[in-house]
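Student: sequence below, structure please.
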Amino acid sequence: MRLTAEVPGAGIEAIIETCQRLAISGTGFDPSTNMDLPTARAAFAPFLAAGLSIVQVGCYRNLISVDEKVRQQGIDDVVEAMNVAGKTGVENVVCGGGHRDPAVPTARRSVHRDNWTDRALDEMIESCREIVGRVDDDAAPLSLEPWVITCLNSPARVERVVRAVDHPKLGVELDLANLVTLEYCFETDRLIVDCFDRFGDKIRLVHLKDALLTPEPYIYHIGEVVVGDGMIDHATLLNQLAARAPDASLMVEHLGSEVDIARALGHMRTLAGTLGYEFA
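Tutor: Numbering: from 1, shown residues only. Below you'll find the model as predicted:
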């Protein structure tokens, strides 16, 4: 297991310096648009030269859009991102579950009742099959990110997609905070075990966040907090990773300050030491 983080910084040198201060082995990026091969090589080479892995590049496209042109463009973008990533040493391209909202077909995310239909999941399977059928042999794998508002809203539905596609270029980026519901908020150990039972062999990357249920604002809110301050059972996560996906990377994300990132990393390092694990 490797401990990495998405870190803030104004420019490549500043980000590398932050990674070195935090003593992490890699980082990840979520560019707003695809990078061509020369741009990607220029962007990522300094990190690799500094001994840092690029564990992910985000390519969040609506692969289940009701607008067929939008869906096909999303497929094209993900294929291109995977091919470029594979040639520049990036380990994963991450994409979410998309949505079926006809009002904003190109939006990265939107809540719509049809997101949770079988049709939505069938569209995701079809899109993923086309993607893995078109990428180069050296392409980076696509890792799907679940989230309760998308078609990938439960461990069972994630499993259905990855088993239906059944291809080495398709894996899972496990984000447990995205899957916490009222059902699981006090039993995240059960959620974690269910995920690993269903698709543990497909988990390539874990987004490290924490989640907390609060009574405000009305009606209630499940929000992100610094790792260690919430409800997610990270001990169970580490035990499952060690047993079933020991090569996966863990990436702290969505924290805007180096102080908070350091606190999250410190929590995970202390926990790992208690359990007898070491991070690469």
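
Student: low pLDDT regions in the stretch 151-280 of the chain?
Tutor: The model of the stretch 151-280 of the chain has no residue with pLDDT under 70.

Student: in it, which spans are strands?
Tutor: Secondary structure of the stretch 151-280 of the chain, counting by DSSP state E, counting those that start in this stretch: strands at 170-174, 203-208, 210-214, 221-225, 249-252.

Student: possible to save the ones you listed as JSON lines with distance to Val193 and mean neighbour count?
Tutor: Any C-beta I mention is one placed from the backbone N, CA and C, and that applies to glycine too. Below are the strands of the stretch 151-280 of the chain laid out as JSON lines (distance: least, Cβ to Cβ, whole Å; neighbours: other Cβ atoms under 10 Å):
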{"stretch": "strand 170-174", "distance to Val193": "12", "mean neighbour count": "26"}
{"stretch": "strand 203-208", "distance to Val193": "13", "mean neighbour count": "24"}
{"stretch": "strand 210-214", "distance to Val193": "17", "mean neighbour count": "17"}
{"stretch": "strand 221-225", "distance to Val193": "20", "mean neighbour count": "15"}
{"stretch": "strand 249-252", "distance to Val193": "17", "mean neighbour count": "26"}
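
Student: which residues does the residue nearest in space to the middle of the chain contact?
Tutor: A centroid search over the chain (Cα atoms, centre = their mean) returns Glu173, at 4.0 Å, as the residue closest to the centre. Neighbour list for Glu173: Gln56, Asn92, Val94, Ser143, Leu144, Glu145, Ile203, Arg204, Leu205, Val206, His207 [criterion: Cβ atoms under 8 Å, 6 or more residues apart in numbering].

Student: could you export these as a markdown table, including distance to His112?
Tutor: Formatted as a markdown table, the contacts of Glu173 follow (distance: Cβ to Cβ, whole Å):
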| residue | distance to His112 |
| --- | --- |
| Gln56 | 26 |
| Asn92 | 27 |
| Val94 | 22 |
| Ser143 | 24 |
| Leu144 | 19 |
| Glu145 | 18 |
| Ile203 | 28 |
| Arg204 | 28 |
| Leu205 | 27 |
| Val206 | 28 |
| His207 | 24 |
